[in-house]
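Novice: just to be clear, the model below is a prediction. Sequence and coordinates:
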Amino acid sequence: MTTVAVVPGDGIGPEVVAEAVAAVDELGLGIDFDVLDGINARTYRERGAAMTDADFDRVRAADGVLVGAIGHPSVPDPAYGRGVLLRMRFELDLYANYRPVRLLHDRLSPLRDPTRRGIDCAIVRENTEGLYAGIGGALRPGTDAEVAVDTEVSTHSGVTRVLRFALSAATRSVCMVDKANAVESGGGLWQRCWDRERRTRPDLETRHLYVDVAAMRLVRDPDSFDVIVTNNSYGDILSDLAAEVGGGLGCAASANLNPETGAGLYEPVHGSAPDIAGTGLANPVGAVLSAALLLDRLGHAGPARSLRAAVRETVEAARCTPDLGGDLDTRAAGAAIRAACR
């Protein structure tokens, strides 16, 4: 039996993840869902920790993890998010963050030139190092003499393995993005590893861009990219930019992966959006497409294609939520996707 752990989370998370689970159920794959509905901001407020060791053991034992959203304004403490998402990311060593972006319909693109709208690429973000490794601190915090330091960490093994994953995920080209002209030590390491690893795929076009240039080209010529690989912070920013060019965060899916162990955490890129929770405005597409990534990794490539085709069909027909040009609420949009799967 294949088991998927489900963390509905906060805000619109339970609403969108419910539609993703229902969409997978519609495919009849016999997947069992272990729902951990106690991992949320309310639990954190009550006991000071949202994910217990017992919760984490259930996550570790599953064949994949589907997350709705983590975060709520009632819990401003960053320890909450770190104790859930970053704990899973670091303890499961999910070093490759894979964020595919494909424009579902021309009407969703913010770009004026119709010949430049066809974005269909993936951002591969190193997921366990960089500025988000949590190394640093503050001296004399809260005073006029405060000094704050955050250290960006890049290791030879960490950079090498994410470059290899990006090269394995590409079909046409890979663009490595850094800022080596300003960040010399880490940038130099990325450059040396890239120069070696790209030679293993002579069938691919490989190139390098600085992050500021890459951001401009994602807007000016997004269809020129196939796979972009970069560090943690640059990947976070570029993937959100790419998602907006592809129609908005509501459509954006992601997979946090360890290709060697098979562990994976799948979640829509959007946040918990507490301001629209319970209104029916939440867009389930990002969650459903994240579930499709999960199915790919579980060996169900055909059903994953069916889910993506159903999403595309419903968006093209405007059977979707208002942010995508439709007039359906969350549940009706999910039902439309399931109907298209049939």
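Specialist: Received the coordinates, thanks.
Novice: was I right to think residue 171 contacts residue 225?
Specialist: No. Using CB atoms under 8 Å, residue 171 makes no contact with residue 225, being 12.0 Å away. To be clear about C-beta, it is placed using only N, CA and C from the backbone, and glycine gets the same treatment.
Novice: for those two, work out which one has more neighbours and name it.
Specialist: residue 225 (24 against 9; other CB atoms under 10 Å).
Novice: what's the distance between the more buried one and residue 121?
Specialist: Computed as CB to CB, to the nearest Å, the residue 225 to residue 121 distance reads 4 Å.
Novice: quick one: the residue most central in space within the chain from residue 267, how far?
Specialist: For the chain, residue 254 is the residue whose C-alpha lies nearest the centre (CA atoms, centre = their mean; 2.7 Å). Distance from residue 254 to residue 267, counting by CB to CB: 6 Å.
Novice: where do the contact lists of those two overlap?
Specialist: Residues touching both residue 254 and residue 267 (CB atoms under 8 Å, 6 or more residues apart in numbering) are residue 290.
Novice: helices and strands around the longest helix along the chain, which ones?
Specialist: Counting residues, the longest helix found in the chain (DSSP state H) is helix 301-316. Packing partners of helix 301-316 (3 or more CB pairs under 8 Å, 6 or more residues apart in numbering; DSSP states H and E): helix 13-26, helix 285-297, helix 330-341.
Novice: which stretches in the stretch 101-250 of the chain count as strands?
Specialist: Here the stretch 101-250 of the chain has its strands, by DSSP state E, counting those that start in this stretch, at 120-126, 136-139, 147-150, 173-178, 205-210, 227-230.
Novice: buried residues in the first one?
Specialist: Taking 16 or more other CB atoms under 10 Å as the neighbour-count basis, strand 120-126 is seen to contain the buried residues 121-126.
Novice: how about the fifth one?
Specialist: Using 16+ other CB under 10 Å as the burial criterion, the residues of strand 205-210 that qualify are 206, 208-209.
Novice: save these as JSON lines, and put in distance to residue 219 too.
Specialist: As requested, the buried residues of strand 205-210 are exported to JSON lines (distance: CB to CB, whole Å):
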{"residue": "206", "distance to residue 219": "22"}
{"residue": "208", "distance to residue 219": "19"}
{"residue": "209", "distance to residue 219": "13"}
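Novice: circling back to that earlier point, looking at the helices and strands packed on helix 301-316, which is buried most?
Specialist: The highest average neighbour count among the helices and strands packed on helix 301-316, using mean count of other CB atoms under 10 Å, belongs to helix 285-297 at a mean of 26.
Novice: state the mean pLDDT of it.
Specialist: Average pLDDT, helix 285-297: 98.
Novice: what angle separates it from helix 301-316?
Specialist: In terms of direction (axes from the mean of the first three to the mean of the last three CA atoms, to 10 degrees), helix 285-297 departs from helix 301-316 by 160 degrees.
Novice: tell me the pLDDT at residue 118?
Specialist: For residue 118, the pLDDT comes out at 88.
Novice: now do the contacts for the nearest residue to residue 43 once chain neighbours are set aside.
Specialist: Spatial nearest neighbour of residue 43, excluding adjacent residues (CB to CB, 6 or more residues apart in numbering): residue 50 at 5.0 Å. Residues near residue 50 by CB under 8 Å, 6+ apart: 39-41, 43-44, 80, 83-84.
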